[in-house]
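K.L.:
below is the structure, and that's it, no one-letter string:
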């Protein structure tokens, strides 16, 4: 992980500049401290995998970035902008809905349960947000959707409803839907956990492909360690709301320094 | 006592007047109940507490007081400081308002039945609040509750004779007046049959919709 200073340019090129930064983020649910004074950052274009036992806080990181939950304290920056705060007269204040939406447009997410819109056909699932959020013309959005469906290998299913597709196909549509917003960051939340075993490989291959051929930044929560090893630049090992170890996958998976990391890997491999 | 068809013949012109009032009250009352109920249900999910609790208070109040009292109130009390409306208009507003508090509960159940993942996906795509409601949540929620909404249309039909108390003579109101004037009973029977003729096809329609919309997803 880099520790480059803040870069606040409008559209930073993929040059390893800092894209996501957590500063002293704490999140509690009741008495349960899910994230404990957490600091880390992710450089643009990197693929980072978050591992650790369930309840260790890794999914909460993604949900914070998606603003599905709010931090109790600390700040999160995306692309140089505060996600939950606005600067007014040099002071940090809670951000309004519009500010949050603007910053969040940089981020796309793929969910464990796909969460496609069942009332829309595949095509509209993908074009809905580009048309109504980015203001893209319908033709343009549909052309882009066709490209994306080609990428995920589902061109022939364009006029189907999500329930007519298998889980693996639904998840690939969900990936296309997220990419249609051209996010700088893609969050992947255990995207293969709800899939039948024989469908997992197809989705992982697609994500590997995307990781290798695009410069999109990925934050990935997964239990698929081979996949993590293949795509990750960095692996963060979480335990009890803290990052207890981080480094390139070769190091974390082969010669972890922490006892706790070794135990976790032994348990799941 | 025999059933006199001549009396029926004599009643017919007033019967059709009454049918017209009943159908107007039902159609427009339904429109108000469906639209306003949706407004209540959505307002109860507003992020601002100052929107939520007055709506809850008003709807609970209306749902838990008799329609008859509300009709009297709208017709006799409201005009003292507010708008005064014709009997039929008052009846339509009364029925619509009263039933909107029931349809609100139906919509609420439908909205709560939409998985939380749908809201999260809409947020992940940065859809605006309005767009999330109109293109993601409501199409899924309403589809599920159409049959339950339909039941309230039939219930409203059966409550519609109440508007006669403020002088909007629906088909039952016409029949009672006619019967009192002529010392006959045939008109009441005619109206009883008319209720079935309207209500039963409506129930069948609801069942068809149920099969189409709910079981076929």
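P.N.:
Sure thing, it's come through. Computed from a prediction, not measured in an experiment: that's the story for all the values here.
K.L.:
so where do the strands sit in the chain?
P.N.:
Here I'm looking at chain A. A:18-29, A:32-43, A:47-51, A:73-78, A:81-82, A:85-88, A:91-94, A:107-110, A:185-189, A:217-221, A:234-239, A:242-247 (DSSP state E).
K.L.:
what's near enough to touch residue A:250?
P.N.:
Counting by C-beta atoms under 8 Å, 6 or more residues apart in numbering or on different chains, residue A:250 makes contact with residue A:229. Using the backbone N, CA and C atoms, a C-beta is placed for each residue, glycine as well.
K.L.:
what about the helices in chain B?
P.N.:
For chain B, the helices defined by DSSP state H occupy B:5-43, B:49-63, B:67-72, B:78-81, B:87-112, B:116-124, B:129-131, B:138-159, B:171-182, B:186-213.
K.L.:
how about these, which one is nearest residue A:184?
P.N.:
Comparing the helices of chain B by their distance to residue A:184 (C-beta to C-beta), the top pick is helix B:116-124, with 14.2 Å.
K.L.:
returning to that earlier point: deepest-packed of the helices of chain B, please.
P.N.:
Most buried of these by mean neighbour count (mean count of other C-beta atoms under 10 Å in any protein chain shown) is helix B:87-112; its value is a mean of 22.
K.L.:
near chain A at all, it?
P.N.:
No: contact of helix B:87-112 with chain A (C-beta under 8 Å from any C-beta of the partner chain) is absent, the minimum separation being 12.7 Å.
K.L.:
one step back: which of the strands of chain A sits closest to chain B?
P.N.:
strand A:107-110 (4.2 Å; C-beta to the nearest C-beta).
K.L.:
just checking: what are the partner strands of the closest one?
P.N.:
Its sheet considered, strand A:107-110 pairs with strand A:185-189 (parallel) by DSSP bridges.
K.L.:
coming back round to it: how about the helices of chain B, which one is nearest residue A:28?
P.N.:
Nearest to residue A:28 among those is helix B:116-124 (20.6 Å), distances taken as C-beta to C-beta.
K.L.:
and stretch A:262-269, average pLDDT?
P.N.:
Stretch A:262-269 carries an average pLDDT of 87.
K.L.:
my bad, should have said stretch A:20-33
P.N.:
For stretch A:20-33, the per-residue pLDDT averages 92.
K.L.:
confidence score at residue B:46?
P.N.:
89.
K.L.:
can you tell me which residues contact the residue nearest to the spatial centre of chain B?
P.N.:
Taking C-alpha atoms, centre = their mean, the centroid of chain B lies closest to residue B:30, which sits 4.0 Å from it. When contacts are counted by C-beta under 8 Å, 6+ apart, residue B:30 touches B:96, B:99, B:153, B:156.
K.L.:
switch to 6 Å and redo it
P.N.:
residue B:153 (C-beta atoms under 6 Å, 6 or more residues apart in numbering or on different chains).
K.L.:
look up how far chain A lies from it.
P.N.:
Per C-beta to the nearest C-beta, to the nearest Å, residue B:30 is found 24 Å from chain A.
K.L.:
so that residue versus residue B:157, what's the distance?
P.N.:
According to C-beta to C-beta, to the nearest Å, residue B:30 stands 9 Å off from residue B:157.
K.L.:
re the thing from before, got JSON lines for the helices of chain B, with mean pLDDT and distance to residue A:60 too?
P.N.:
JSON lines is the format used below for those (pLDDT from 0 to 100; distance: least, C-beta to C-beta, whole Å):
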{"stretch": "helix B:5-43", "mean pLDDT": "95", "distance to residue A:60": "29"}
{"stretch": "helix B:49-63", "mean pLDDT": "94", "distance to residue A:60": "26"}
{"stretch": "helix B:67-72", "mean pLDDT": "96", "distance to residue A:60": "49"}
{"stretch": "helix B:78-81", "mean pLDDT": "92", "distance to residue A:60": "53"}
{"stretch": "helix B:87-112", "mean pLDDT": "96", "distance to residue A:60": "25"}
{"stretch": "helix B:116-124", "mean pLDDT": "95", "distance to residue A:60": "14"}
{"stretch": "helix B:129-131", "mean pLDDT": "93", "distance to residue A:60": "24"}
{"stretch": "helix B:138-159", "mean pLDDT": "92", "distance to residue A:60": "27"}
{"stretch": "helix B:171-182", "mean pLDDT": "94", "distance to residue A:60": "62"}
{"stretch": "helix B:186-213", "mean pLDDT": "89", "distance to residue A:60": "38"}
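K.L.:
around chain A, pick out the residues from chain B.
P.N.:
Residues of chain B lying close to chain A by C-beta under 6 Å from any C-beta of the partner chain are B:117, B:120-121, B:124-126, B:131, B:136, B:139-140.
K.L.:
if we go to 8 Å?
P.N.:
B:115, B:117-118, B:120-121, B:123-128, B:131, B:135-136, B:139-140, B:143, B:217.
K.L.:
please name the residues that touch the residue lying closest to residue B:22 once chain neighbours are set aside.
P.N.:
Leaving aside its chain neighbours, residue B:22 sits nearest to residue B:170 (4.3 Å; criterion: C-beta to C-beta, 6 or more residues apart in numbering or on different chains). By C-beta under 8 Å, 6+ apart, the residues touching residue B:170 are B:18, B:21-22, B:25, B:91, B:160-161, B:163-164.
K.L.:
re the thing from before, would CSV of the helices of chain B with distance to residue A:197 be doable?
P.N.:
Below are the helices of chain B laid out as CSV (distance: least, C-beta to C-beta, whole Å):
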stretch, distance to residue A:197
helix B:5-43, 41
helix B:49-63, 45
helix B:67-72, 58
helix B:78-81, 66
helix B:87-112, 33
helix B:116-124, 22
helix B:129-131, 37
helix B:138-159, 30
helix B:171-182, 65
helix B:186-213, 35
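K.L.:
ok, for residue 38, nearest residue in space, not its chain neighbours?
P.N.:
Went with chain A since none was named. Counting by C-beta to C-beta, 6+ apart, the residue nearest residue A:38 is residue A:25, at 4.7 Å.
K.L.:
chain B was what I was after
P.N.:
For residue B:38, ignoring the flanking residues on the chain, the nearest one in space by C-beta to C-beta, 6+ apart is residue B:107 at 5.5 Å.
K.L.:
verify the contact between the one you found and residue B:142 for me.
P.N.:
Yes: Residue B:107 lies in contact with residue B:142 (C-beta atoms under 8 Å); the separation is 7.4 Å.
K.L.:
distance of residue B:147 from chain A?
P.N.:
In terms of C-beta to the nearest C-beta, residue B:147 sits 18 Å off from chain A.
K.L.:
what's the closest non-adjacent residue to that residue?
P.N.:
Nearest one to residue B:147, counting by C-beta to C-beta, 6+ apart, is residue B:210 at 4.0 Å.
K.L.:
make sure the one you found is actually in contact with residue B:146.
P.N.:
Yes: counting by C-beta under 8 Å, residue B:210 sits close enough to residue B:146 to count as a contact (7.3 Å).
K.L.:
any chance you could list what contacts stretch A:135-154?
P.N.:
With C-beta under 8 Å, 6+ apart, stretch A:135-154 has contacts from A:122-123, A:126-127, A:130-131, A:155, A:157-158, A:165, A:169, A:172-173, A:175-176, A:179-180, A:202, A:206, A:209-210.
K.L.:
chain B next: which of those residues are close?
P.N.:
Checking those against chain B (C-beta under 8 Å from any C-beta), there are no matches.
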